[in-house]
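Peer 1: based on what follows, work out the 3D shape:
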Amino acid sequence: MTTATAARGTMPLAGHLAEAKRRGVRSAVALVVAVAVGFALSDQVLDVLRQPVEDLARSRDASLNYDTVTGAFDLRLRIAVFAGVVLASPVWLIELFAFVTPGMTRREKRYVLGFGAAAVPLFAAGCAFGFVLFPHMVTMLTGFAPAEDSTILSASYYVDFVMKIVIAIGVAFVLPVFMVMLNVVGLVSARTLRRSWRVIVVVIALFSALVTPAADVLSMFMVALPMSALFGAALLVAHLHDRALAARERSASCSD
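Peer 2: Next comes the predicted model:
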């Protein structure tokens with residue numbers, strides 16, 4: 001039984017658990033180190049996030065406010081955890097991939113690598129776009145207050161607001177990769193995507209309205225336009241894949 005199991009290249013449950021534990025420990029160590037680095041860099045990150053408030057303070061009384069004794073430390077810790085997850089992502093993604101791929105075929109591994117190679121830079125580009133966009137959104141929203149009033153922002157709420165925008169736009173930029181993945185595995189055809197383009201554009205517009213200020217139409221279009229372009233690119237890739245698949249099927253039927 002042991003020889004047959006080894007010949008098939010399978011691993012018993014205890015082996016899977018030991019492998020998961022080993023890779024989990026490596027990921028945890030990388031995360032702890034990255035969180036420590038993020039904590040050391042939290043002041044620099046907060047300086048970037050504080051810049052729109054400092055710009056606002058030139059025209060009115062504006063500042064970030066810590067409403068508890070531990071508020072400043074809690075905020076630095078939150079920034080450290082967020083930065084740590086991002087900084088350690090290459091390690092825990094590699095460990096996750098290394099744990100999952102032994103059970104995959106060579107073709108499946110190639111697809112996973114391709115989707116990962118496309119998703120990571122798209123997510124990074126979306127997060128970078130969110131960082132570029134959020135100062136404009138802060139200026140727009142705080143501009144509704146009269147000039148004679150003070151703008152005192154809760155530091156915790158403010159950082160959460162920025163991080164949610166950054167992550168939401170980052171995830172939105174990755175969604176076309178999942179559309180292509182669904183097409184490649186045969187769950188969604190390019191024809192179905194093409195017929196549903198109006199619904200998808202409306203969903204993109206609604207998402208853009210949710211992650212941007214309702215009164216800031218410019219920010220909404222700044223989010224919706226690149227997402228629509230990425231949807232168009234995903235539709236093109238799905239179309240090319242379906243056409244190549246149809247050509248292979250015709251060639252196979254002719255050879256038979």
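Peer 1: and the longest helix along the chain, what's its mean pLDDT?
Peer 2: Using DSSP state H to define each element, the chain has its longest helix at helix 217-255. Averaged across helix 217-255, pLDDT comes to 82.
Peer 1: counting contacts, what elements does that helix pack onto?
Peer 2: Secondary-structure packing of helix 217-255 (3 or more CB pairs under 8 Å, 6 or more residues apart in numbering; DSSP states H and E): helix 106-142, helix 155-184, helix 190-195, helix 197-211. For every residue, glycine as well, the C-beta is placed using N, CA and C.
Peer 1: what residues sit buried inside that helix?
Peer 2: Buried residues in helix 217-255, counted by 16 or more other CB atoms under 10 Å: 219-220, 222-224, 226-228, 230-231, 234-235, 237-239, 242.
Peer 1: ok, so of these, who is nearest V81?
Peer 2: Set against V81, the nearest of those by CB to CB is V223 (25.7 Å).
Peer 1: how far away is the closest one from K109?
Peer 2: 34 Å (CB to CB, to the nearest Å).
Peer 1: same check, this time on H239
Peer 2: In terms of CB to CB, H239 sits 25 Å off from K109.
Peer 1: try V29
Peer 2: For V29, the distance to K109 - CB to CB - is 26 Å.
Peer 1: do the same with A125
Peer 2: Noted for A125: a distance of 25 Å to K109, by CB to CB.
Peer 1: how about V132?
Peer 2: In terms of CB to CB, V132 sits 35 Å off from K109.
Peer 1: compare the two and say which is more crowded by neighbours.
Peer 2: K109 (15 against 12; other CB atoms under 10 Å).
Peer 1: hmm, V211 is touching I167, no?
Peer 2: No: using CB atoms under 8 Å, V211 is not in contact with I167; the gap is 9.7 Å.
Peer 1: quick one on the thing from earlier: make a markdown table from the helices and strands packed on helix 217-255 and add distance to L75 and mean pLDDT to it.
Peer 2: Listed next are the helices and strands packed on helix 217-255 as a markdown table, based on distance: least, CB to CB, whole Å; pLDDT from 0 to 100:
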| stretch | distance to L75 | mean pLDDT |
| --- | --- | --- |
| helix 106-142 | 17 | 80 |
| helix 155-184 | 5 | 84 |
| helix 190-195 | 42 | 87 |
| helix 197-211 | 22 | 84 |
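Peer 1: just name the most buried of these.
Peer 2: Ranked by mean neighbour count, the helices and strands packed on helix 217-255 are led by helix 155-184 with a mean of 19 (mean count of other CB atoms under 10 Å).
Peer 1: now it, how far from the centre of its chain.
Peer 2: Computed by CA atoms, centre = their mean, to the nearest Å, the chain-centroid distance of helix 155-184 equals 4 Å.
Peer 1: stretch 194-212 now?
Peer 2: Per CA atoms, centre = their mean, the displacement of stretch 194-212 from the mean C-alpha position of its chain is 18 Å.
Peer 1: so what touches it?
Peer 2: Here stretch 194-212 makes contact (CB atoms under 8 Å, 6 or more residues apart in numbering) with 133, 137, 164-165, 168-169, 172, 193, 219-224, 227-228, 231, 235, 239.
Peer 1: relative to S63, how far out is R198?
Peer 2: Distance from R198 to S63, by CB to CB: 46 Å.
Peer 1: my error: substitute C127 in the last question.
Peer 2: Using CB to CB, which is the criterion applied here, C127 is 26 Å from S63.
Peer 1: also E148?
Peer 2: 16 Å.
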